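Novice: Could you work out the structure for the sequence below:
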Amino acid sequence: MSSLKNGAAAADPSSKKKITPVQILIYVFLTVIAVTYLLPLLWMFNVSFKTNREIFTAPFALPKNVTFDNYSFAWTAGNLGTATLNSLIVCVIALILGLLVGSMAAFGISRLHWKGSKLAMTYFLTGMMIPIHCVLIPLFTRFAKITQFMNNLGFENFHLTNSLTSLVLPYLTFSLPITIFIMEGFFSGMPNELIECACMEGANIFQIFFKICLPLGRTGLFVTGLMTFVGNWNELLLAMVFISDDAKKTLPVSLSKFVGPYNTNYSQMFAAIMIAVIPTIIVYCAFSNKIVDGLTAGAVKG
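Specialist: Predicted coordinates for the structure are as follows:
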């Protein structure tokens, strides 16, 4: 009898969940937000195939002749291939080191009971209140002094300035506060039973971190990883000040070449911007679903 009632309830159209007016308003609002974010990107992609004359005469119309001349010119004349590789090297190194060091620090603060853990957390969080551009001149002078000191010791090939290392160090340093802040929350919310069982099985602190806590905290790693990668990929001021060699310049600096003081080729500039935007879109689309995954779903039963 119960199965018949359940079948009848499932067949009854009135038993289906109805969409409320509040849900409709939410869907409409989210649709408007999505369109607001997508339209500029689609418009930029459209005009990247036009000439400057078409952009000013018909900015919202489709291009008359679709060619990739703007992209080929932007890639070759702007030296975007080398710039993209430099940005990729800097962002990947800073990302890996930032996630590793930040996760270790967050694990030590949240799961290891020691005096001064709250003070250490406060110290790291103060880095979030300091804009990276406020330390631009002190960093430049410090790097120059270190380079001069190493050259005086006989290391003539050591150049901390005008090298990719001069970007990796500040990118790594300023990504640690947000990484520690987010990962500390993830590690603090993990069940104590997991760590207690690991300790009873004879696991040391490194095994607990790398085999239990770090895999369970992968959601936080994806969140901080996306934020760090996108922020470092789009950073401009430090790259302009610390790098003077064209062969070592990053992608945002190379994009500034397309904007002149008296003349700007907008079609080629938009093509170059699309080349710079594509990697961040790919990274976000590849890892966006990981962000919403459950942290410890099913890890502890009962």
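Novice: Helix or strand next in line after the helix or strand that Leu97 is a member of, which one?
Specialist: Assessed by DSSP states H and E, Leu97 sits inside helix 80-111. Downstream of helix 80-111, the first helix or strand assigned by DSSP H and E is helix 117-125.
Novice: neighbours around Gly260, how many?
Specialist: Close neighbours of Gly260, defined as other Cβ atoms under 10 Å, add up to 10. C-beta: built from backbone N, CA, C; applies to glycine.
Novice: Can you give me the separation between it and Ser244?
Specialist: Note on Gly260: its distance to Ser244, by Cβ to Cβ, to the nearest Å, is 19 Å.
Novice: How about Gly217?
Specialist: 40 Å.
Novice: Between these two, which is the more surrounded one?
Specialist: Gly217 (24 against 10).
Novice: check contacts around the residue nearest to the more buried one when sequence neighbours are not counted.
Specialist: Closest residue to Gly217 apart from its sequence neighbours, by Cβ to Cβ, 6 or more residues apart in numbering: Phe186 at 4.5 Å. Taking Cβ atoms under 8 Å, 6 or more residues apart in numbering as the contact definition, Phe186 lies against Ala106, Leu216, Gly217, Thr219, Gly220, Leu295.
Novice: Tell me how far Phe186 lies from Gly225.
Specialist: 13 Å.
Novice: What's the per-residue pLDDT of Ile26 here?
Specialist: Ile26 is assigned a predicted lDDT (pLDDT) of 91.
Novice: Number of residues surrounding it?
Specialist: With other Cβ under 10 Å as criterion, Ile26 counts 11.
Novice: Just to be sure, Ser244 is in a helix?
Specialist: No: using DSSP: H, G, I helix; E, B strand; the rest coil, the assignment for Ser244 is coil, not a helix.
Novice: surely it meets Ser166?
Specialist: No: if you go by Cβ atoms under 8 Å, Ser244 and Ser166 don't touch, sitting 10.6 Å apart.
Novice: sorry, back to before: so which helix or strand takes in the residue nearest to Gly217?
Specialist: helix 165-188.
Novice: what's the angle from that helix to helix 117-125?
Specialist: 140 degrees (axes from the mean of the first three to the mean of the last three Cα atoms, to 10 degrees).
Novice: Could you pull up the mean pLDDT of helix 165-188?
Specialist: For helix 165-188, the per-residue pLDDT averages 91.
Novice: I'd guess Met240 is in a helix, am I close?
Specialist: Yes: assessed by three-state DSSP, Met240 belongs to a helix.
Novice: Name the nearest residue to it, ignoring sequence neighbours.
Specialist: Val253 is the one closest to Met240 (Cβ to Cβ, 6+ apart), at 5.4 Å.
Novice: tell me which strands and helices the helix or strand encompassing that neighbour is in contact with?
Specialist: Secondary structure from DSSP H and E places Val253 in helix 251-255. Applying 3 or more Cβ pairs under 8 Å, 6 or more residues apart in numbering; DSSP states H and E, one finds that helix 251-255 contacts helix 80-111, helix 237-242, helix 266-291.
Novice: Sounds good, over and out.
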